[in-house]
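K.L.:
The sequence and its predicted three-dimensional model are supplied below.
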Amino acid sequence: MVKLPSSENTNGNSIKSVHKMHKSLAVLKSVLQGPGHRKPFRRWLAVSRWTCSRRTKAASEEPTATHEFNVAEVAETLDEKKKTLDMDQKRSDFETSVLRLRDIARKYKHGLRSGEEAVLTDLINEYFTVETVYVNSHNIEDVVMALRQQIPSDLDKVFSIALSNKALESKNKLLLQLLAQMARGTPRLHEPPGPVTAAVRPAYFAPRP
């Protein structure tokens, strides 16, 4: 086994972090090896506390956990910048360059909950788009030809949709998890449910026949 450097090393926090991780790993291995002369509950408790503290720290450092995304300010800044451009071509190029930022601002226009719902809804719509094109045929060549007629100007999108049908079982599980997420809501976001969540919840929690 490689010997770790002393925690007193001048590298400071980085070395201490390595030692902490190594110590927790040793504790976890000890628990998994069985009781014997050890005290498994106390060791499990030590690992559990360390894991919990790491998760708490990560959550506190997450920007979206404590800071609202100021959509109005972003949109205003973009509009002011656009007004300074004196040619139509420059304004068009500018809008193209900030298209994704505009999309984010649109999704989060009504707060974090609306942004969360927009992301989940986009994923679900993408899932149904992909599965719909495979309803009549599972032959990828037929699907590509049909998509080429529907989307003649975007070959990348055609192949993206055509190839997205792989790993269908995993996508089914993901879809169910997304619906469950929307039905139950996210405790961290203390806002009333949006229209999509409000529609999903009754269907998700309805009694099964």
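P.N.:
Looks like it arrived, so ask away.
K.L.:
which strands and helices sit next to the helix or strand hosting residue 121?
P.N.:
In the assignment (DSSP states H and E), residue 121 maps to helix 112-133. For helix 112-133, the contact count by 3 or more Cβ pairs under 8 Å, 6 or more residues apart in numbering; DSSP states H and E identifies helix 99-107, helix 140-150, helix 155-163, helix 168-184, helix 195-205 as packing neighbours. For glycine as for every other residue, the C-beta is placed from the backbone atoms N, C-alpha and C.
K.L.:
Pick out the shakiest of the ones you listed, pLDDT-wise.
P.N.:
The stretch with the lowest mean pLDDT among the helices and strands packed on helix 112-133 is helix 195-205, which comes in at a mean of 51.
K.L.:
who's in contact with residue 158?
P.N.:
By Cβ atoms under 8 Å, 6 or more residues apart in numbering, residue 158 lies in contact with 144, 147-148, 151.
K.L.:
Skip the chain neighbours and tell me the closest residue to it.
P.N.:
Closest residue to residue 158 in three dimensions, ignoring its sequence neighbours and counting by Cβ to Cβ, 6 or more residues apart in numbering: residue 147, at 4.4 Å.
K.L.:
Can you name the residues that contact that neighbour?
P.N.:
Under the criterion of Cβ under 8 Å, 6+ apart, the neighbours of residue 147 are 133, 158, 161-162.
K.L.:
Could you break this structure into its assigned domains?
P.N.:
The record's domain split for the chain, according to automatic domain parsing, is 13-61, 67-109, 111-204.
K.L.:
and after the lowest-mean-pLDDT helix or strand in the chain, which helix or strand comes next?
P.N.:
Considering only helices and strands, the least confidently modelled element of the chain by mean pLDDT, DSSP states H and E is helix 63-66, at a mean of 44. Counting by DSSP H and E, the element after helix 63-66 in chain order, helix or strand, is helix 71-83.
K.L.:
quick one, that next one and helix 99-107 angle?
P.N.:
Here helix 71-83 points in a direction 140 degrees away from that of helix 99-107 (axes from the mean of the first three to the mean of the last three Cα atoms, to 10 degrees).
K.L.:
Mind exporting the C-alpha coordinates of helix 71-83 to CSV?
P.N.:
These are the backbone C-alpha positions of helix 71-83, laid out as CSV (Å, rounded to 0.1, in the frame of the first residue of the first chain):
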residue,chain,number,x,y,z
VAL,A,71,-33.9,37.1,-15.4
ALA,A,72,-35.2,40.7,-15.8
GLU,A,73,-31.7,42.1,-15.4
VAL,A,74,-30.2,39.7,-17.9
ALA,A,75,-32.8,40.5,-20.5
GLU,A,76,-32.4,44.2,-19.9
THR,A,77,-28.6,44.0,-20.3
LEU,A,78,-29.0,42.1,-23.6
ASP,A,79,-31.5,44.6,-24.9
GLU,A,80,-29.3,47.6,-24.0
LYS,A,81,-26.3,46.0,-25.7
LYS,A,82,-28.4,45.4,-28.9
LYS,A,83,-29.5,49.0,-29.0
